[in-house]
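[1] Show me the folded form of this:
(2 chains, ligands or ions: 2)
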Amino acid sequence: MGEKRIIETFDLTKYYNGQAAVHKLNLHVKEGEVFGFLGPNGSGKTTTLLMLLGLSSPSEGRALVCGLDPAKDSRKIKARVGYLPENVGFYTDLDAVQTLDFIADLNGIPADEAERRIQEVLELVGLKKEARKKVGAYSRGMKQRLGIAEVLIKNPSVLFLDELTLGLDPEGATKLVDLIAQLNQDKGMTVLLSSHNLYQVQRICNRVGIMINGKMVAQGSMEQLAEERLGIGDKEYSLEEIYLRYFQES
Amino acid sequence: MHGVVAICRKELADHFSSYRFVILFALIAMVSFITSYMAGLHLRESLEGVAKPKFVFLMLFNTRGALFSLVQFVAFFGPLIGIVLGFDAINKERAQGTLIKIMSQPIYRDAVINGKFLAGVVTISIMLIAITLVVSGFGLTIVGVVPGVEEVIRLFVYVLISIFYISFWLGLAILFSILFKSISTSALASVAVWIFLSFFVSLGASVLADSIAPVDRQRGVSPEVLVKNARIKETASLFSPMVLYSEASGIIIDPMRKTTRSIVMMGALEQLSLSRFQNPLPLGQSLVVVYPHVTALIAITLICFAISYLVFILQEIRT
Ligand SMILES: Nc1ncnc2c1ncn2[C@@H]1O[C@H](COP(=O)(O)OP(=O)(O)OP(=O)(O)O)[C@@H](O)[C@H]1O
Ligand SMILES: [Mg+2]
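    Ligands and ions are numbered 1, 2, ... in the order given. Sure, this is the predicted structure:
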């Protein structure tokens, strides 16, 4: 893990109708780490991710992703960052291969190269057998895995995963999180992961940030936060306890 | 650029495999079959024992066989093709959660609109060329006339103007699919504008003309007032794309028509007998006459586009 910052924000702020969805956010994510982006519903996680991709323009402040400003170089950022939206949608009348073909096409990947990558990512997410089934007939878990496959087609160096484990059973969630950990280790992908599944976050994240009402109330490694809040340094702790402590205090 | 191409390709595949397209195409094929067949029969009857006038072939397109000519059909029904191809372009993607996914790929934001518009225009072109070929085929077999070079050129220009006309409605429908989040609302809004611009503008034009330059038939009117009334009516009804299109296509398809007005109600026989004593407007002249109409059609399409871009860029991607 290097010290180079892949994501950095400077007082990043977004107002919706006069209300701050994200308020003076100073987030930083280092190259090669898995960062857990936590916070209750409506705390501004998705809004932040959209601003980092240049899909939503900040009201104040600015950001740098891979050294680029999303307000100016959105397209270059989107070529490097794979984004899995929360509740990702699909064309229900296409099968997995056609779906991935379209995404490859949007990324300007040549046809033969795309074909190779599609087989590769289908293998990786374990959808090879269902590759020719219409996505409309997919289960929630299969859709989520196809979503990951779409993200990987462009061979990204950074992953933004919004609610990765939403609606998945414990086993499915564990498998998917393991896959992300593997990608992080083998390919050195930096991961920014938002989730409400604290158990899974604790399993793979190096550092976490906790957002409450648009403000980042804590940012650091779990050991740091545990010591800060619970005062139990090297004793057993769970992310859930830390999270609830922050939540109660604000 | 690869974004526009990718989206256009996907959209074309969607169009051609959708029931929507099949139904639309079947309907158009049926109507063009019937109208051209009727027009063909009608023409053959009228031409029996008479010396063939010039441009018989084009008459296939503007002779009313039973109900309406093909030109009239496209003027009336064309907007619906554009609307059907575009009314859910953006809001459907939004609703099913695919818009944000497309937008998070490395493409320009307007590539989505451009790609979809382009795919629609290609689809429209294919439909119109198919109709024209069907009608021409009937012309060759039933009436037994072969089109001259000028007729082919005129047909080509006619198809081109028709593509512009229907593309305007496509652009408008896409704009509504951006403005309205609900698919049924955007469909309804497009149809409402279609009805308004197609029918009520001409009606409104008459009302406007009569209120500014009233024509009182009982007491007799001066010719100046009559002319003024007609002028106002014509100018005001140019706000209707349907009027713009009908006039432009009429002049191209019917070289005997030199003004842009009212021979529409003439029967085929009358037209035939009239045409004996007239010389057709040369192609170059016809083009000069329709040039402003075509420019206006393109201009309103561009305005639709400009608004679409603006709204789409300012909108939040989600919701
Ligand atoms: N388009 C919008 N217009 C107005 N307000 C919005 C819009 N999108 C989001 N918000 C508001 O911004 C705030 C942050 O929302 P956001 O979706 O970023 O939260 P989140 O942390 O992702 O929540 P969740 O965990 O439920 O996904 C919320 O209060 C939400 O109501
Ligand atoms: Mg969210």
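[2] Look at the residue positioned nearest the centre of chain A and tell me its secondary structure.
    Centrality entry for chain A: nearest residue to the mean C-alpha point is residue A:161, 2.1 Å, by Cα atoms, centre = their mean. Residue A:161 carries the three-state label strand when classified by DSSP: H, G, I helix; E, B strand; the rest coil.
[3] Same question for the one 4 residues further on.
    Judged by three-state DSSP, the three-state class of residue A:165 is coil.
[4] So what does it have for phi and psi?
    When read as degrees, to the nearest 10, the backbone of residue A:165 gives phi -100, psi 10.
[5] Please apply the same query to residue A:81.
    Dihedral angles (degrees, to the nearest 10) for residue A:81: phi -100, psi 130.
[6] Centre of the chain to the longest strand anywhere in chain A, how far?
    Secondary structure of chain A per DSSP state E: the longest strand is strand A:5-16. Centre-to-centre, strand A:5-16 and its host chain are 16 Å apart (Cα atoms, centre = their mean, to the nearest Å).
[7] near ligand 1, anything from it?
    Yes: Strand A:5-16 lies within reach of ligand 1 by Cβ under 6 Å from any ligand atom, at residue A:16. Every C-beta, even on glycine, is put in place using the N, C-alpha and C of the backbone.
[8] so what strands line up beside whatever helix or strand comes next after that strand?
    Using DSSP states H and E, the helix or strand that follows strand A:5-16 towards the C-terminus is strand A:19-25. Sheet pairing here is set by DSSP bridges, and for strand A:19-25 it gives strand A:5-16 (antiparallel).
[9] I'd like the average pLDDT over the strand it pairs with.
    Throughout strand A:5-16, pLDDT has a mean value of 94.
[10] One more: stretch B:245-264?
    pLDDT averaged over stretch B:245-264 gives 68.
[11] Which is the succeeding secondary structure element to the helix or strand bottoming out on mean pLDDT in chain A?
    Here the helix or strand of chain A ranked lowest by mean pLDDT, DSSP states H and E is helix A:222-230, holding a mean of 76. Using DSSP H and E, the helix or strand that follows helix A:222-230 in sequence is helix A:239-249.
[12] How many residues are close by the nearest residue to residue A:45 once chain neighbours are set aside?
    In space, and not counting its chain neighbours, residue A:45 is closest to residue A:194: 4.4 Å by Cβ to Cβ, 6 or more residues apart in numbering or on different chains. Using other Cβ atoms under 10 Å in any protein chain shown, residue A:194 is surrounded by 25 other residues.
[13] List the contacts of residue A:194.
    For residue A:194, the contact set (Cβ atoms under 8 Å, 6 or more residues apart in numbering or on different chains) comprises A:36, A:37, A:38, A:39, A:45, A:46, A:49, A:86, A:161, A:162, A:163, A:164.
[14] If we use 7 Å, what do you get?
    A:37, A:45, A:162, A:163 (Cβ atoms under 7 Å, 6 or more residues apart in numbering or on different chains).
[15] pLDDT on the host helix or strand of residue B:167, on average?
    For residue B:167, the host element (DSSP H and E) is helix B:149-179. On average, the pLDDT along helix B:149-179 is 93.
[16] From the contact counts, what lies against it?
    Packed against helix B:149-179 by the contact rule (3 or more Cβ pairs under 7 Å, 6 or more residues apart in numbering or on different chains; DSSP states H and E) you find helix B:56-62, helix B:70-86, helix B:111-138, helix B:183-195, helix B:241-253, helix B:283-314.
[17] could you check the angle helix B:111-138 makes with it?
    150 degrees (axes from the mean of the first three to the mean of the last three Cα atoms, to 10 degrees).
[18] just how off-centre is helix B:149-179 within its chain?
    Counting by Cα atoms, centre = their mean, helix B:149-179 comes out at 6 Å from the chain centroid.
[19] Stretch A:11-21 now?
    21 Å.
[20] got a list of contacts for that stretch?
    A:22-26, A:44, A:47, A:51, A:56, A:58-63, A:214.
[21] from these, which would you call buried?
    A:22, A:23, A:25, A:44, A:47, A:51, A:56, A:58, A:61, A:62, A:63, A:214 (16 or more other Cβ atoms under 10 Å in any protein chain shown).
[22] measure the fourth one to residue A:70 for me?
    For residue A:44, the distance to residue A:70 equals 16 Å [Cβ to Cβ, to the nearest Å].
[23] and stretch B:26-40, what's its mean pLDDT?
    83.
[24] how close does the residue nearest to the centre of chain A get to residue A:195?
    Taking Cβ to Cβ, one finds residue A:161 at 8 Å from residue A:195.
[25] Then residue B:127?
    Distance from residue B:127 to residue A:195, by Cβ to Cβ: 49 Å.
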